[in-house]
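> coordinates only, sequence not included:
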């Protein structure tokens, strides 16, 4: 069965600290896609990144970086030099290609990140 | 700046009343999703449309919920009759294409409170 686990419910850091948000997924599909979304206090979900199961290359975008490891079924997200504006709930999500390509997203429970000044 | 819009943003109603939530997907997008977010269940898919046709509504309680797309610019989610356990934030998302790879763009959500 498909599942996404974000074991960290809440994380609190002080500004400029690095922080890593963990995501572990379960799927029987060989082709799947992993996503990270950010939900700021305003409530809207904002797309951050997408990864397909055949591309294990890590990605860096400014202060954000993602580490995808199929061997451990993990897709972790690191924020370097965190800022107060990074405070939000972060969701990891899985989409399986075999289920008729519905695009259905299976979300983790989310990690609330609080960055203190 | 194209965005998914949802109305109303907030709705407070009494148990037993009908609730209608509306979503305008991004122009040109052919897929529309309805998600519900609660503290207990997190984000869960309720229904999914592609080219206005419902493809997956397995996550939706059929006895009280209904989802439709009267046209390509409007998706609706109705609850009749509403119950306190329906209190949640309901998100609409739209996307372009038919692949699981495609990014979904989320609206701001409708916060529903059923008393």
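Okay, I see it. Because the structure is a prediction, the values reported are computed rather than measured.

> what separates the residue nearest in space to the middle of chain B from residue A:56, distance-wise?
Using C-alpha atoms, centre = their mean, the residue of chain B that lies closest to the mean C-alpha position is residue B:34, 3.2 Å off. Shown here: residue B:34 relative to residue A:56, a distance of 33 Å by C-beta to C-beta, to the nearest Å. C-beta here means a position set from N, CA and C on the backbone, and glycine is covered the same way.

> how long is stretch A:50-61 from one end to the other?
12 Å (C-alpha to C-alpha, to the nearest Å).

> so how far is the lowest-mean-pLDDT helix or strand in chain B from its chain's centroid?
Lowest by mean pLDDT, DSSP states H and E among the helices and strands of chain B is strand B:53-56, with a mean of 86. A distance of 13 Å separates the centroid of the chain from that of strand B:53-56, by C-alpha atoms, centre = their mean, to the nearest Å.

> Is it positioned near chain A?
Yes: using C-beta under 8 Å from any C-beta of the partner chain, strand B:53-56 reaches chain A at B:55-56.

> ok, the next helix or strand after that strand: who's next to it in the sheet?
Remark: after strand B:53-56, the chain's next helix or strand is strand B:65-71, criterion DSSP states H and E. With DSSP bridges as the test, strand B:65-71 is paired with strand B:74-79 (antiparallel).

> for residue A:53, phi and psi?
Phi and psi for residue A:53, reported as degrees, to the nearest 10, are phi -70, psi -10.

> actually residue A:93, sorry about that
phi -140, psi 150.

> Pairing partners for it in the sheet, please.
Under the criterion used (DSSP bridges), residue A:93 bridges to residue A:35, residue A:107.

> Near chain A, which residues of chain B are found?
Counting by C-beta under 8 Å from any C-beta, chain B sits next to chain A at B:31, B:33, B:35, B:42-45, B:48, B:55-56, B:89, B:91, B:93, B:95, B:98-109, B:111.

> could you flag which of those are buried?
B:31, B:33, B:35, B:42-45, B:48, B:55-56, B:89, B:91, B:93, B:95, B:98, B:100-102, B:104-109, B:111 (16 or more other C-beta atoms under 10 Å in any protein chain shown).

> okay, how far is it across stretch A:68-78, tip to tip?
Rule used - C-alpha to C-alpha; the end-to-end distance of stretch A:68-78 is 11 Å.

> same deal with stretch A:34-49?
End-to-end for stretch A:34-49, by C-alpha to C-alpha: 8 Å.

> Give me the buried positions along that stretch.
A:34-39, A:43-45, A:48-49.

> As JSON lines, these with pLDDT would be great.
JSON lines is the format used below for the buried residues of stretch A:34-49 (pLDDT from 0 to 100):
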{"residue": "A:34", "pLDDT": "93"}
{"residue": "A:35", "pLDDT": "94"}
{"residue": "A:36", "pLDDT": "96"}
{"residue": "A:37", "pLDDT": "96"}
{"residue": "A:38", "pLDDT": "96"}
{"residue": "A:39", "pLDDT": "96"}
{"residue": "A:43", "pLDDT": "89"}
{"residue": "A:44", "pLDDT": "89"}
{"residue": "A:45", "pLDDT": "93"}
{"residue": "A:48", "pLDDT": "93"}
{"residue": "A:49", "pLDDT": "91"}
